[in-house]
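**Q** Show me the folded form of this:
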Amino acid sequence: MRSACSRPIPIADFSPTDLQIAASVLDDYWQELREQFIAAGMPKLKKCRFVVEPERHDTPRHFAACHSNGLLVEFAPQMADMDADVVRAIMAHELGHAADHAYPGYWMPGPKRADAAVWVGAAVDSPEWNKWHRLWQQRDDDQVELAADAIALAVTGHRINYAGKCLVQTFGRGVARPLGLR
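**A** Predicted coordinates:
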């Protein structure tokens, strides 16, 4: 396995075949995890797709990013070389974002930071949900990132940890997400 923070491969060095191979490797993980989210009661995620984007690697969202519509996730091709626990955790985190965006305010964080999120979608348009939805719209970056992890935990049953010098997501050993991590 390559280090999660390996030197970036120049974009010009990726051929269309390289990108197809990376997409093929990542697709099995994606299909498995996306199906878990759909089975958890989020049919909107059937429309959620991923693309392999070489330019993703040299940005603040080093390996992956979810668009704010919840329908598109970008992965750096370098993810295809990563350990399975890391790939699954990154994808689960991004699908957590997709679920959060596709169902705005339908997930509420658990009482403790490390708890799974709780689905509150059944209460949509209730006074409690309206209050929560207003708070959901005012979240800071840390709250958005922690929500993605909490939703992933609720759906997959696996806690996302952060490991290595880049503090990349993993289902393996690591630490809780540090506040301020971008």
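
**Q** Just give me the neighbour total for residue 102.
**A** Residue 102: 20 surrounding residues under other Cβ atoms under 10 Å. Just so you know, the C-beta spots here come from the backbone N, C-alpha and C atoms, and that holds for glycine as well.

**Q** measure it to residue 70 for me?
**A** 4 Å (Cβ to Cβ, to the nearest Å).

**Q** any residues in contact with both of those two?
**A** 44-45, 48 (Cβ atoms under 8 Å, 6 or more residues apart in numbering).

**Q** would CSV of those residues with pLDDT be doable?
**A** Below are these laid out as CSV (pLDDT from 0 to 100):
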residue, pLDDT
44, 96
45, 97
48, 97
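
**Q** Which residue ranges of the protein form helices?
**A** Along the chain, the stretches classed as helices by DSSP state H are 16-39, 84-102, 127-137, 141-156.

**Q** among those, which is the most enclosed?
**A** helix 84-102 (a mean of 24; mean count of other Cβ atoms under 10 Å).

**Q** distance between the lowest-mean-pLDDT helix or strand in the chain and the chain's centre?
**A** Using mean pLDDT, DSSP states H and E, the weakest-scoring helix or strand in the chain turns out to be helix 127-137, at a mean of 84. The chain centroid and the centroid of helix 127-137 are separated by 23 Å under Cα atoms, centre = their mean, to the nearest Å.
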